[in-house]
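Okay, structure incoming, though there's no sequence with it:
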């Protein structure tokens, strides 16, 4: 099955079968997120740059794979564009 969690910590996988994307974002909650490592996004993060307000906040990334994997050191909010029905992105 697929799940979509509004906030993520540690490691989570998200499936886009419900019609999420392609636009998505990763936003720190309650303070900086020291490390974020992603796969399945157009601009994957490698954990070397913290997400923080006044610094990097990822609000306009793109889902390019059927499964997005996110590993974080601190809580973040994952945002995704939602559609009434699933879409196929080319």
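Received it, and whenever you're ready, just let me know what you need. What you see is a predicted model; the values in this text were computed from it and never measured.

Tell me the strands beside the host helix or strand of residue 60, with direction?
Counting by DSSP states H and E, the element that carries residue 60 is strand 58-62. Note on strand 58-62: by DSSP bridges, its sheet partners are strand 20-28 (antiparallel).

Residue 69 in helix, strand or coil?
Of the three states, residue 69 takes strand under DSSP: H, G, I helix; E, B strand; the rest coil.

check contacts around the closest residue to it other than its chain neighbours.
In space, and not counting its chain neighbours, residue 69 is closest to residue 39: 4.6 Å by CB to CB, 6 or more residues apart in numbering. The way it works is simple: take the backbone N, C-alpha and C, and place the C-beta from them, glycine included. Counting by CB atoms under 8 Å, 6 or more residues apart in numbering, residue 39 touches 65, 68-69.

the bottom helix or strand of the chain by mean pLDDT?
strand 7-15 (a mean of 51; mean pLDDT, DSSP states H and E).

Below-threshold pLDDT in the protein: ranges please.
By pLDDT under 70, the low-scoring segments of the chain are 1-21, 84-90.

so what's residue 73 up against?
Contacts for residue 73 were tallied using CB under 8 Å, 6+ apart; they are 33-36.

Now do the strand or helix carrying it against strand 58-62, angle only.
Assigning secondary structure by DSSP H and E places residue 73 in strand 67-82. Orientation of strand 67-82 against strand 58-62 (axes from the mean of the first three to the mean of the last three CA atoms, to 10 degrees) gives an angle of 110 degrees.
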